[in-house]
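Colleague: Task: produce atomic coordinates for the following.
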Amino acid sequence: MKLNIGDLVTRKSHNNDIIFKIKQFQNHYVLLQGYNIRLCADSYESDLVKVDLIRKNEDDIDLPILSGNYLNGKVLHLDSDIDYLKRSMKLYEQYKVPAVGYNLQERDMPYKIRELLLEHHPDILIITGHDAIDKNGNNVNSSYFVECVKEARKYQPSKDALCIIAGACYSTFKDLIHEGSNISSSPGKVSINVLDPSKVAIMVATTPVYEYVDIEKVINLTSNKNKGMGGIDTKGVARKIY
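Modeller: Numbers count the residues shown, from 1 in each chain. All right, here's what the predicted structure looks like:
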């Protein structure tokens, strides 16, 4: 069966555990992007099996947000993956959370963040994309996420005035929290879902400013729960309209 860019596939050598989208054919390899998991990989074409996936309700997520007349917090979302960014923006729209998104490579995020914060003045900042652990046991992109968090905290040191959600699969959770993130991945060095950071952001954006976000409840809404995401006491940013 002929495979094409955009096809959904699994890998026989990995017991077909993760669904990927074909991004590119390169020499003898096929470059893959996780469909629901923030993961990049490569594979021989002979190892791939094409799959059919019912997509219509995949991103229809039922989050327990507070009802009422509220002005929800604004999100600035930086993501190195344009497909994941588009899906996140649709989720914000679904929950009426104002958001602006930028497709930036991880290495560029620390150099771009200040001008974007000055332009948009968000209540919530998401710094995400792809991460992994290389053959030497080092994280591929965590250092860029950490530097971006540092720069964002120079702009706004208060964790109540700017909630930062940072990291991707296998990111260095302790470093991200230590440098100023409110909520980060990945305490258990596991993969996270494409929409996990956005789900957390929506819960913060819709929690009233006079309440603390129920972090345990929010983390339980994510794919791998407290292995995938963790955080510190964080206030909501929604304001009631009277």
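Colleague: So for the closest residue to Val75 other than its chain neighbours, what pLDDT did the model give?
Modeller: Nearest residue to Val75, sequence neighbours excluded (CB to CB, 6 or more residues apart in numbering): Ala99, at 4.0 Å. Glycine gets a C-beta too; all of them are placed from N, C-alpha and C. Note on Ala99: pLDDT of 98.
Colleague: List the contacts of Ala99.
Modeller: Lys74, Val75, Leu76, His77, Ser88, Met89, Tyr92, Glu93, Ala201 (CB atoms under 8 Å, 6 or more residues apart in numbering).
Colleague: before we move on, what about Ile183?
Modeller: Neighbour list for Ile183: 163-166, 200, 204, 215, 218, 229-232, 234 [criterion: CB under 8 Å, 6+ apart].
Colleague: for Arg239, same thing?
Modeller: By CB under 8 Å, 6+ apart, the contact set of Arg239 is Tyr70, Leu71, Pro208, Val209.
Colleague: run the last query once more with 6 Å
Modeller: Residues in contact with Arg239 (CB atoms under 6 Å, 6 or more residues apart in numbering) are Leu71, Val209.
Colleague: and it, which of the three is it?
Modeller: When classified by DSSP: H, G, I helix; E, B strand; the rest coil, Arg239 comes out as strand.
Colleague: hey, what's it bridged with?
Modeller: Here Arg239 shows beta-bridge partners Leu71, assigned using DSSP bridges.
Colleague: how close does it get to Tyr210?
Modeller: Going from Arg239 to Tyr210 by CB to CB, to the nearest Å gives 9 Å.
Colleague: and Arg114, that one's in a helix?
Modeller: Yes. Assessed with three-state DSSP, Arg114 lies in a helix.
Colleague: quick one, what contacts it?
Modeller: With contacts defined as CB under 6 Å, 6+ apart, Arg114 is in contact with Glu151, Tyr155.
Colleague: Burial check on the closest residue to Tyr84 other than its chain neighbours, number of neighbours?
Modeller: Nearest non-adjacent residue to Tyr84, counting by CB to CB, 6+ apart: Val194, 4.8 Å away. Val194 has 26 neighbours, counted by other CB atoms under 10 Å.
Colleague: My understanding was that Val194 contacts Asp83; is that so?
Modeller: No. Taking CB atoms under 6 Å as the definition, Val194 is not a contact partner of Asp83, at 8.3 Å.
Colleague: who's in contact with the most centrally placed residue in the chain?
Modeller: The centre of the chain sits closest to Pro197, judged by CA atoms, centre = their mean, with a distance of 3.8 Å. Each residue near Pro197 by CB under 6 Å, 6+ apart is listed here: Ile126, Thr128, Ile165.
Colleague: How much space separates it from Asp79?
Modeller: From Pro197 across to Asp79, the span is 8 Å (CB to CB).
Colleague: Sweet, I'm off.
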